[in-house]
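A.B. asks: With the sequence up front, the predicted model follows.
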Amino acid sequence: MKRKLVIGAVAALAIGALTVGFAREHGPGGHGGGDFFGGPGMFGPQMLERLGDKLELSDEQKTSIRGLMDSARPNMEQMRDALRNNMQRLHDTAPDSPDYNAVVASVSGEAAELARRFVTDSSQLRAQVWAVLTPEQRAKAQQLRDEWQAKREERRSKWQKRREQRDGAPPAGGPPPAS
């Protein structure tokens with residue numbers, strides 16, 4: 001039970017970290033990822049350019065935001081690397097190993113601390129970037145976030161309906177399948 005809880009916490013942290021993306025450069029064809037306006041998280045260079053166009057950021061604002069992102073990058077990369085190392089440590093330790101429980105305890109504690117640091121640091125960065133925006137840009141950013149969330153919910157709903165149809169489960173609130 002404890003192992004499932006730890007693995008779940010580590011997986012949730014990994015998924016969260018990968019979902020919101022880290023502030024780092026990407027090679028050709030890469031993407032910045034992240035839901036900057038939707039919660040704690042950051043975006044990469046391409047996301048900055050897309051949002052810069054939509055929010056009509058000035059060159060000065062773009063430079064300021066890039067500076068904030070560049071300052072945050074080393075710390076975020078350190079957290080990402082620590083997360084990977086912890087996941088690898090847990091993966092490399094067999095459940096029948098004499099030190100398995102100690103590794104699980106260590107990794108779970110470190111995962112909790114990494115999650116706390118990630119949420120705190122990325123939220124602070126988000127607030128710093130938000131402060132660079134004008135009131136009009138903030139309103140537009142909120143509108144973009146709301147549109148993104150609506151699209152995400154629509155995709156989630158469609159996925160859920162397909163899953164229910166595939167599995168033969170009744171749609172939420174609907175009648176059971178005929179026998």
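C.D. replies: On my side now, so go ahead.
A.B. asks: neighbours around residue 87, how many?
C.D. replies: 17 (other Cβ atoms under 10 Å). C-beta: built from backbone N, CA, C; applies to glycine.
A.B. asks: Which of the helices or strands spans it?
C.D. replies: For residue 87, the element it lies in under DSSP states H and E is helix 59-92.
A.B. asks: just checking, what packs against that helix?
C.D. replies: helix 2-20, helix 45-55, helix 100-132 (3 or more Cβ pairs under 8 Å, 6 or more residues apart in numbering; DSSP states H and E).
A.B. asks: So which elements touch the shortest one?
C.D. replies: Contacts defined by 3+ Cβ pairs under 8 Å, 6+ apart place helix 45-55 against helix 59-92, helix 135-167.
A.B. asks: One more: the last one?
C.D. replies: When contacts are defined as 3+ Cβ pairs under 8 Å, 6+ apart, helix 100-132 sits against helix 2-20, helix 59-92.
A.B. asks: hmm, back to that, can you tell me which of the helices and strands packed on helix 59-92 the model trusts least?
C.D. replies: Note on those: helix 2-20 shows the lowest mean pLDDT, a mean of 46.
A.B. asks: mind checking how far residue 59 is from residue 129?
C.D. replies: Distance, residue 59 to residue 129, by Cβ to Cβ, to the nearest Å: 16 Å.
A.B. asks: More neighbours: which of those two?
C.D. replies: Legend: neighbour count by other Cβ under 10 Å for residue 59 and residue 129, higher for residue 129 (22 against 8).
A.B. asks: my guess is that one meets residue 65, correct?
C.D. replies: Yes - using Cβ atoms under 8 Å, residue 129 makes contact with residue 65 at a distance of 5.4 Å.
A.B. asks: what's the overlap in contacts for the two?
C.D. replies: Residues within reach of residue 129 and of residue 65 at once, by Cβ atoms under 8 Å, 6 or more residues apart in numbering: there are none.
A.B. asks: so how far is the first residue of stretch 86-102 from its last?
C.D. replies: 13 Å (Cα to Cα, to the nearest Å).
A.B. asks: how about that stretch: buried residues?
C.D. replies: Using 16 or more other Cβ atoms under 10 Å as the test for burial, stretch 86-102 gives 86-87, 90, 93.
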